[in-house]
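Asker: Okay, structure incoming, though there's no sequence with it:
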């Protein structure tokens, strides 16, 4: 019997019950029913079922989909991508969990590799562990971080899975070759941990720390966000810092490339703003656009990968979805009239829970999780297995929350195992499996009774 709780029935139906903030799912769905943005329409299309199934009078059952594959209704002898997402998207990873690892320090960051064969977890006690998922989660590499300040603040795997970068609250980001033979990776003893100096820019006159770092899709560049209110871009091939943008008026907690082109960068800050930067037109040093709506600082951003849509987690206890076509050129009239509050020391004020930004540009807001004391992260669910029909996030209350993108309902809550904040979590790119990493030092694997063989048969 698992700890996870799911309201998603085997038949694709509406969700009933209450969200954890006390609002009913029916009320949430009524609010979302007013939304007609094409991003919601595309989500419905990508998460299935296919048009032929939708037009049929028969129920979209797995049996019917299998029958359609056997008669080659898709024309290629396989499930269409939307039918595959429709089937796999019903297998929410709510069973378990199974323990993957337990350390004596807080787990801060974690992620699957793009193909799901590796899993990376970073801990406050200078350890970064890379697990081989296909070899029963054995430790592939145990990296002992170099010159750590406070904690591992972020990690990122290169697209070819040969290198890993890690950051801390220092201006040096380290890069490690994870393909070497040694299991234990000690900085400059068993492996070289090259230090990439982000303070070499001529405008920098003081020390600072990095909160966020990401590889570009081609693996040639890094983008990073820092507590000196700036965004940095590092060219790995030239081994030099190529860009520093004084981007915000407070800490830049999170950055992300918008799509594969690498031209657009999203950033989120403690100044409550999300910004979009177009590297093709930075002569003025101004953002291409600004998106307002959060009442307090942004803790994480995840791009949908289409150069148009992204989500952000906020200290106002909400995830927001954005369409950059709605951005404005500046933040005029967006001053924050909400009373100052520090998420490190107290619960979110009850009187602020129902407040809304007077110039909220977001498409939708998702509530029910808790963002306190640390930069809790949120993500879209995988394209391959769900059509990105869900949003999921860690939570300070030691749980993982999963929301339906289109209805806004909280469809599952993974709880009862961790006893401290779940700061990060990662959904396997193709299997119904989610791994949570917590301040209790535990890495836990949640899954669903759908074997890898079952998922491979959907190809």
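Answerer: Yep, it's here. Remember, it's a predicted structure, so these values are computed and weren't measured experimentally.

Asker: Check what pLDDT residue 15 gets.
Answerer: Residue 15 carries a pLDDT score of 34 in this model.

Asker: average pLDDT for stretch 207-224?
Answerer: Per-residue pLDDT values over stretch 207-224 give a mean of 96.

Asker: Use 55 as the first number from now on
Answerer: Let's use 55 as the start, then, which means that last one is stretch 261-278.

Asker: now it, how far from the centre of its chain.
Answerer: 15 Å (C-alpha atoms, centre = their mean, to the nearest Å).

Asker: Quote the end-to-end distance of it.
Answerer: Start and end residues of stretch 261-278 are separated by 15 Å (C-alpha to C-alpha, to the nearest Å).

Asker: Which of the three states applies to residue 206?
Answerer: Remark: residue 206 carries the secondary structure label coil [criterion: DSSP: H, G, I helix; E, B strand; the rest coil].

Asker: Name all residues that make contact with it.
Answerer: 162, 163, 176, 177, 178, 180, 182, 199, 220, 221, 222 (C-beta atoms under 8 Å, 6 or more residues apart in numbering). Every residue, glycine included, has its C-beta placed from N, CA and C.

Asker: Spatially nearest residue to residue 434 (excluding sequence neighbours)?
Answerer: In space, not counting the residues next to it along the chain, residue 434 is nearest to residue 442; the distance is 4.6 Å by C-beta to C-beta, 6 or more residues apart in numbering.

Asker: in which helix or strand would I find the one you found?
Answerer: Counting by DSSP states H and E, no helix or strand carries residue 442.

Asker: repeat for residue 499
Answerer: Remark: residue 499 resides in strand 496-501, with elements defined by DSSP H and E.

Asker: Just checking: what are the partner strands of that strand?
Answerer: strand 149-156 (antiparallel), strand 487-492 (antiparallel) (DSSP bridges).

Asker: Dump those strands to CSV, plus distance to residue 265, mean neighbour count and mean pLDDT.
Answerer: Conversion of these to CSV gives the following (distance: least, C-beta to C-beta, whole Å; neighbours: other C-beta atoms under 10 Å; pLDDT from 0 to 100):
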stretch, distance to residue 265, mean neighbour count, mean pLDDT
strand 149-156, 24, 17, 97
strand 487-492, 17, 28, 98
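
Asker: one step back: tell me how far the strand holding residue 499 lies from the chain's centre.
Answerer: Mean-position distance between strand 496-501 and its chain equals 17 Å (C-alpha atoms, centre = their mean).

Asker: related to what we said a few turns ago, how about the contacts made by the residue nearest to residue 434?
Answerer: Under the criterion of C-beta under 8 Å, 6+ apart, the contact list for residue 442 reads 97, 100, 101, 358, 434, 435, 436, 459.

Asker: repeat for residue 289
Answerer: By C-beta under 8 Å, 6+ apart, the contact list for residue 289 reads 274, 275, 295, 296.

Asker: so the third one bridges to which residues?
Answerer: When bridges are assigned using DSSP bridges, the partners listed for residue 295 are residue 288.

Asker: CSV for the contacts of residue 289, including neighbour count and distance to residue 425?
Answerer: As requested, the contacts of residue 289 are arranged in CSV below (neighbours: other C-beta atoms under 10 Å; distance: C-beta to C-beta, whole Å):
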residue, neighbour count, distance to residue 425
274, 15, 33
275, 20, 29
295, 20, 31
296, 12, 33
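
Asker: farthest pair in those?
Answerer: Maximum pairwise distance among these (C-beta to C-beta): 13.9 Å, between 274 and 295.

Asker: out of everything not next to it in sequence, what's closest to the most centrally placed residue in the chain?
Answerer: Nearest to the centroid of the C-alpha atoms of the chain, with distances taken as C-alpha atoms, centre = their mean, sits residue 433, at 2.9 Å. Excluding its sequence neighbours, the residue lying closest to residue 433 (C-beta to C-beta, 6+ apart) is residue 356, at 4.6 Å.

Asker: quick check, the one you found in a strand?
Answerer: Yes: going by three-state DSSP, the assignment for residue 356 places it inside a strand.

Asker: Identify the bridge partners of residue 221.
Answerer: Counting by DSSP bridges, residue 221 forms beta bridges with residue 208.

Asker: Confirm the residue nearest to the centre of the chain sits in a strand?
Answerer: Yes: counting by three-state DSSP, residue 433 is located in a strand.

Asker: how much space between it and residue 413?
Answerer: Using C-beta to C-beta, to the nearest Å, one gets 26 Å for the distance from residue 433 to residue 413.

Asker: now residue 272
Answerer: Taking C-beta to C-beta as the criterion, residue 272 is separated from residue 413 by 36 Å.

Asker: now do residue 316
Answerer: Following C-beta to C-beta, the distance that separates residue 316 from residue 413 is 30 Å.

Asker: quick one: the strands in the stretch 105-254 of the chain?
Answerer: Taking DSSP state E, counting those that start in this stretch as the criterion, the stretch 105-254 of the chain contains strands spanning 149-156, 161-166, 172-177, 181-186, 192-198, 208-211, 217-221, 226-231, 238-240, 247-251.

Asker: Output these in JSON lines, with distance to residue 405 appended to each entry.
Answerer: As requested, those are exported to JSON lines (distance: least, C-beta to C-beta, whole Å):
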{"stretch": "strand 149-156", "distance to residue 405": "36"}
{"stretch": "strand 161-166", "distance to residue 405": "31"}
{"stretch": "strand 172-177", "distance to residue 405": "36"}
{"stretch": "strand 181-186", "distance to residue 405": "41"}
{"stretch": "strand 192-198", "distance to residue 405": "45"}
{"stretch": "strand 208-211", "distance to residue 405": "34"}
{"stretch": "strand 217-221", "distance to residue 405": "36"}
{"stretch": "strand 226-231", "distance to residue 405": "41"}
{"stretch": "strand 238-240", "distance to residue 405": "49"}
{"stretch": "strand 247-251", "distance to residue 405": "45"}
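
Asker: Which of these has the lowest mean pLDDT?
Answerer: strand 238-240 (a mean of 89).

Asker: Paired strands for that strand, with orientation please.
Answerer: Using DSSP bridges, the strands paired with strand 238-240 are strand 192-198 (parallel).

Asker: quick one, what contacts the residue nearest to the centre of the chain?
Answerer: For residue 433, the set of contacting residues under the criterion of C-beta under 8 Å, 6+ apart consists of 356, 365, 445, 446, 447, 479, 480, 481.

Asker: For burial, what's the neighbour tally of the last one?
Answerer: Counted with other C-beta atoms under 10 Å, the neighbours of residue 481 add up to 25.

Asker: give the contact list for the nearest residue to it once chain neighbours are set aside.
Answerer: If you skip the residues right next to it in sequence, residue 481 has residue 488 as its closest partner in space, 4.8 Å away by C-beta to C-beta, 6+ apart. Residue 488 is in contact with 147, 446, 454, 468, 479, 480, 481, 482, 499, 500, 501, counting by C-beta under 8 Å, 6+ apart.

Asker: Thank you kindly, that will do.
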